[in-house]
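In: quick one, fold the following:
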Amino acid sequence: MTDTLVAALIEVERHVGRYGWDQPARLFALVRTAELIAAEPSLADQLTGATDGYSSIEQEDFLPGDDLAETLGGIAWPDTVSGCVLALERAFLPADAEGELPLDPDAAALAVANHPRKLDLRVVVGVTRDGAGHGLARVRGEDGDLLAGADLVPALAAALAHTLE
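Out: Residues are numbered from 1 along each chain as shown. Model prediction:
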């Protein structure tokens, strides 16, 4: 099951990546491709890849507020949705630079944004109703390998999983 989730995350990361950087958070529903084709046979020619995987459907009306956790807390998916994916960008500092940050969250965010060693990441995290979860990340300016792991961003995966309950 994780292989099909990872394949869906890679597809979402490539899709989002085509639009470049400095994008807002984007939310996608995951539906079983075979179920989508059964419900909408006219889409069969447009859906490439294995029918035993997932197809992602962007939720174009998703507008995260100032508090992403609060926004996700208000989302509930219908039973036809098998999982969900969130793509977002975040700035990070190397661990040895984090000690320099002020305690005030707003001041810390400003310090990270202006820090000479900051790294911009595109993070793509997905979960499924059966409990699978995975994340990918791409460092801005690095066209190479994706960082990947089941526990890449555990708090975000947990928040996404709650939307499926």
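In: and the strands in this structure?
Out: Along the chain, counting by DSSP state E, strands occupy 26-32, 54-58, 83-92, 119-128, 133-139, 147-149.
In: in TSV, list the ones you listed along with mean neighbour count, distance to Tyr19 and mean pLDDT.
Out: Bear in mind the C-beta positions are built from the backbone N, C-alpha and C, glycine included. Putting the strands of the chain into TSV (neighbours: other Cβ atoms under 10 Å; distance: least, Cβ to Cβ, whole Å; pLDDT from 0 to 100) gives the following:
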stretch	mean neighbour count	distance to Tyr19	mean pLDDT
strand 26-32	22	9	95
strand 54-58	20	11	92
strand 83-92	21	10	93
strand 119-128	22	11	94
strand 133-139	21	13	94
strand 147-149	13	20	88
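In: to Glu165, which of those lies closest?
Out: Of all the strands of the chain, strand 119-128 sits nearest to Glu165, with 10.8 Å by Cβ to Cβ.
In: how far is that closest one from where the chain is centred?
Out: Using Cα atoms, centre = their mean, to the nearest Å, the mean C-alpha position of strand 119-128 is found 4 Å from that of the whole chain.
In: hmm, who's touching it?
Out: 1, 5, 8-9, 12-13, 16-17, 21, 30, 82-94, 133-141, 152-153, 156-157, 160-161, 164 (Cβ atoms under 8 Å, 6 or more residues apart in numbering).
In: and what of stretch 51-68?
Out: 4-5, 7-8, 11-12, 15, 24-34, 36-37, 47, 71, 82-83, 85, 88, 159.
In: which strands and helices lie in contact with the longest helix seen in the chain?
Out: Of all the elements of type helix in the chain, the one with the most residues (DSSP state H) is helix 2-17. Helices and strands touching helix 2-17, by 3 or more Cβ pairs under 8 Å, 6 or more residues apart in numbering; DSSP states H and E, are strand 26-32, strand 54-58, strand 83-92, strand 119-128, strand 133-139.
In: report the buried residues of it.
Out: Applying a neighbour-count criterion of 16 or more other Cβ atoms under 10 Å, the buried positions in helix 2-17 are Thr4, Leu5, Val6, Ala8, Leu9, Glu11, Val12, Glu13, Val16.
In: ok, now stretch 140-149?
Out: Neighbour counts over stretch 140-149 (16+ other Cβ under 10 Å) mark Leu146 as buried.
In: who's in contact with it?
Out: Under Cβ under 8 Å, 6+ apart, the answer for stretch 140-149 is 6, 10, 13, 21, 119-122, 134-139.
In: thanks a lot, catch you later.
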